[in-house]
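Engineer: Curious how this folds, go ahead:
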Amino acid sequence: MVLFRSSLGDVLRRQRMQRGMTLREVSAGARVSLGYISEIERGQKEASSELLASLCAALEVPLSDVLREVSHEVAREETVLAGAAVATPIPVRPRTTSDDTAVPSAA
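Structural biologist: Numbering: from 1, shown residues only. Predicted coordinates:
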């Protein structure tokens, strides 16, 4: 199962690290506790739309960019999960008799 909050946390952490920002800097800019931001980044807490907007402002990244990146990540995970759920057909050779002639199947 794909969890939106997990993908969102991964994207927010990646954005923060690309900008060379610490949790403390984002916390001060967003006026959100450092511990709460850490839980969001680890996918343990859901971010409200208001909180997400504050985090994006502190990171100086458009909300639409973050949501687009999350959407792509979720789509990738869904593709992987869908691929794992597809059954791989097992080739079946027809049964043969001792003289190597095929025996009609019962199906």
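Engineer: residue ranges with poor pLDDT in the protein?
Structural biologist: 84-90, 96-107 (pLDDT under 70).
Engineer: Helices of that one, residue ranges please.
Structural biologist: 4-18, 23-30, 34-41, 49-59, 63-85 (DSSP state H).
Engineer: Can you pull out the residues in contact with the last one?
Structural biologist: What that stands for is helix 63-85. Helix 63-85 is contacted by residues 1-2, 4, 7-8, 10-12, 14-15, 52-53, 56 when judged by Cβ atoms under 8 Å, 6 or more residues apart in numbering. C-betas here are computed from N, CA, C, even on glycine.
Engineer: Give me the angle between it and helix 49-59.
Structural biologist: Going by axes from the mean of the first three to the mean of the last three Cα atoms, to 10 degrees, helix 63-85 is angled at 110 degrees with respect to helix 49-59.
Engineer: could you dump helix 63-85 to PDB, C-alpha only?
Structural biologist: The C-alpha trace of helix 63-85 is given here as PDB (Å, rounded to 0.1, in the frame of the first residue of the first chain):
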ATOM      1  CA  LEU A  63       3.500  23.900  -2.900                       C
ATOM      2  CA  SER A  64       2.600  22.800  -6.500                       C
ATOM      3  CA  ASP A  65       6.200  21.600  -7.000                       C
ATOM      4  CA  VAL A  66       6.100  19.500  -3.800                       C
ATOM      5  CA  LEU A  67       2.700  18.000  -4.700                       C
ATOM      6  CA  ARG A  68       3.800  17.300  -8.200                       C
ATOM      7  CA  GLU A  69       6.900  15.500  -7.000                       C
ATOM      8  CA  VAL A  70       4.800  13.500  -4.400                       C
ATOM      9  CA  SER A  71       2.400  12.600  -7.200                       C
ATOM     10  CA  HIS A  72       5.300  11.200  -9.300                       C
ATOM     11  CA  GLU A  73       6.700   9.300  -6.400                       C
ATOM     12  CA  VAL A  74       3.300   7.800  -5.600                       C
ATOM     13  CA  ALA A  75       2.800   6.800  -9.200                       C
ATOM     14  CA  ARG A  76       6.200   5.100  -9.300                       C
ATOM     15  CA  GLU A  77       5.400   3.100  -6.100                       C
ATOM     16  CA  GLU A  78       2.000   2.100  -7.500                       C
ATOM     17  CA  THR A  79       3.700   0.800 -10.700                       C
ATOM     18  CA  VAL A  80       6.200  -1.200  -8.600                       C
ATOM     19  CA  LEU A  81       3.400  -2.700  -6.500                       C
ATOM     20  CA  ALA A  82       1.200  -3.400  -9.600                       C
ATOM     21  CA  GLY A  83       4.200  -5.200 -11.200                       C
ATOM     22  CA  ALA A  84       4.700  -7.300  -8.100                       C
ATOM     23  CA  ALA A  85       1.000  -8.300  -8.100                       C
END
